[in-house]
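**Student:** Predicted structure and sequence below. I'll ask about it afterward.
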Amino acid sequence: MSKVYTIAVLVGSLRKESINRKVALALAALAPANLRLNIVEIGDLPLYNEDIDGATPPAAYSTFRQQVSSSDAVLFVTPEYNRSVPAPLKNAIDVGSRPYGKSAWSGKPGAIISVSPGAIGGFGANHHLRQSLVFLDVPCMQQPEAYLGGAGSVFDESGTVSEKTQPFLQAFIDAYGQWVAKQKA
């Protein structure tokens, strides 16, 4: 039996009914048998502030860091805000990278799918996030790149992903399953 890897999924959009959250849930449903995807919530994290991150950090910081640290890998599902990632996602990255020398991210295989109703599928956010992941020592899956444009029309009223989009998501999550297994071997 092959190993099952726990994946911390960070969704950059905070709305419960966001397209990005729907994509994350669709990926969880399509995931190969070697992946177990768990959304790690970022909406309740206080803005990172070293002054409150001392001997007794906020409980939300500690919980978040533990969830990421105990995962085998990370998956980012993000919209694009102003050619970058949304502030809550950047804050989560900062919280997880502290305190210095104890980053929750280090060495965890990662992947990014950017999701946007626009035509270019969050290209700017995807690549901006990749810059941060290099610094955080998160080996990021290079291929297939995943940009989901026109995402406002990929789900029906019941939340089911369209037949046109499902093969794209399936190919991405299958490749990520292989990437994680290779990196963790």
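**Tutor:** Looks like it came in fine.

**Student:** Point to the residue nearest the middle of the chain.
**Tutor:** Ranked by distance to the mean C-alpha position of the chain (CA atoms, centre = their mean), the top residue is Phe76 at 1.6 Å.

**Student:** Would you agree it falls within a strand?
**Tutor:** Yes: secondary structure of Phe76 (DSSP: H, G, I helix; E, B strand; the rest coil): part of a strand.

**Student:** Quick check, pLDDT for the closest residue in space to it that isn't next to it in sequence.
**Tutor:** Closest residue to Phe76 apart from its sequence neighbours, by CB to CB, 6 or more residues apart in numbering: Ile112 at 4.6 Å. Any C-beta I mention is one placed from the backbone N, CA and C, and that applies to glycine too. Ile112 is assigned 98 on the pLDDT scale.

**Student:** Buried residues, the longest helix along the chain. List them.
**Tutor:** If you go by DSSP state H, the chain has its longest helix at helix 166-184. For helix 166-184, a neighbour-count test (16 or more other CB atoms under 10 Å) marks 168-170, 172-173, 175-177, 179-181, 183 as buried.

**Student:** Just list the residues touching the residue nearest to the centre of the chain, thanks.
**Tutor:** Contacts for Phe76 (CB atoms under 8 Å, 6 or more residues apart in numbering) come out as 9-10, 12, 89, 110-113, 129.

**Student:** Just the element for the residue in the chain sticking out farthest from the centre, please.
**Tutor:** In the chain, the residue that sits farthest from the middle, by CA atoms, centre = their mean, is Ala55; the gap is 28.3 Å. According to DSSP states H and E, Ala55 maps onto no helix or strand at all.

**Student:** which residues touch the nearest residue in space to Val68 that is not next to it in sequence?
**Tutor:** Residue nearest to Val68 in three dimensions, not counting chain neighbours: Ala104, with 3.9 Å by CB to CB, 6+ apart. By CB under 8 Å, 6+ apart, the residues touching Ala104 are 64-65, 68-69, 96-97.

**Student:** If you rank these by neighbours, which is first?
**Tutor:** Neighbour counts for the contacts of Ala104 (other CB atoms under 10 Å) peak at Gly96, which has 27 neighbours.

**Student:** gap between it and Ser62?
**Tutor:** Gly96 sits 11 Å away from Ser62, going by CB to CB, to the nearest Å.

**Student:** again, but for Lys164
**Tutor:** Distance from Lys164 to Ser62, counting by CB to CB: 42 Å.

**Student:** Same check on Gly110?
**Tutor:** As for Gly110, its distance to Ser62 is 22 Å (criterion: CB to CB).

**Student:** Got phi/psi on the closest residue to Ala87 other than its chain neighbours?
**Tutor:** Spatial nearest neighbour of Ala87, chain neighbours left out: Tyr81 (7.5 Å); criterion: CB to CB, 6+ apart. Phi and psi for Tyr81, reported as degrees, to the nearest 10, are phi -120, psi 120.
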